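Novice: no FASTA, just this:
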């Protein structure tokens, strides 16, 4: 255990795009949009904090990790995720764009970072990060799916 520059960088890279919402809030937000419920929101926040914290102190986990197929998939998921954020900005920051499917992937802006965190847990062989990712997945995917449904029922 100890500070991990690689883990901290992964956490920052995955969560930084969400900060765009401060500078570039979405337009055309349907009225009545809210989270799926307080339990999901609590799980989402606990998962976010857990992923950030565990990655930041995961020196032992990533010190031994070799760059391979899992790392390539993490980079691929992050690249696609950033591409979706670019789409959001370029196409006018519409709320619907945050949830639009990408091919066969529903709510990709929620699915891709969760998958990247999950692969990081596997890559670093971290049970604690895995637990945080499960919490994040349950909360973030439920809240995102709920928001996506609001855009479809508009």
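Specialist: Alright, I've got the coordinates. Keep in mind that this is a model prediction, so the values were computed, not measured.

Novice: going forward, measure contacts between C-alpha atoms and count neighbours the same way
Specialist: Fine.

Novice: burial check on residue 113, number of neighbours?
Specialist: Residues within reach of residue 113, counting by other Cα atoms under 10 Å, total 24.

Novice: run through the protein and note the low-pLDDT ranges.
Specialist: By pLDDT under 70, the low-scoring segments of the chain are 153-154.

Novice: residue 55 touches residue 7, doesn't it?
Specialist: Yes - A contact is recorded between residue 55 and residue 7 when judged using Cα atoms under 8 Å, the distance being 4.3 Å.

Novice: so which of those two has more stuff around it?
Specialist: The neighbour count for residue 55 versus residue 7, taken as other Cα under 10 Å, is higher for residue 55 (30 against 24).

Novice: now do the contacts for the more buried one.
Specialist: Residues in contact with residue 55 (Cα atoms under 8 Å, 6 or more residues apart in numbering) are 4, 7, 8, 10, 11, 129.

Novice: what helix or strand is it on?
Specialist: The secondary structure element spanning residue 55 is helix 38-56 (assigned by DSSP states H and E).

Novice: in that helix, what counts as buried?
Specialist: If you call a residue buried by 16 or more other Cα atoms under 10 Å, then helix 38-56 has these buried ones: 40-41, 43-48, 50-56.

Novice: cool, stretch 84-93 as well?
Specialist: By neighbour count with 16+ other Cα under 10 Å, stretch 84-93 contains the buried residues 84, 85, 88, 89, 93.

Novice: now it, how far from the chain's geometric center?
Specialist: Here stretch 84-93 is found 17 Å from its chain centre; the criterion is Cα atoms, centre = their mean, to the nearest Å.

Novice: which helix runs longest in the protein?
Specialist: Longest helix in the chain, counting residues (DSSP state H): helix 127-152.

Novice: name the helices or strands packed onto that helix?
Specialist: In terms of contact count using 3 or more Cα pairs under 8 Å, 6 or more residues apart in numbering; DSSP states H and E, helix 127-152 is assigned the packing partners helix 38-56, helix 108-123.
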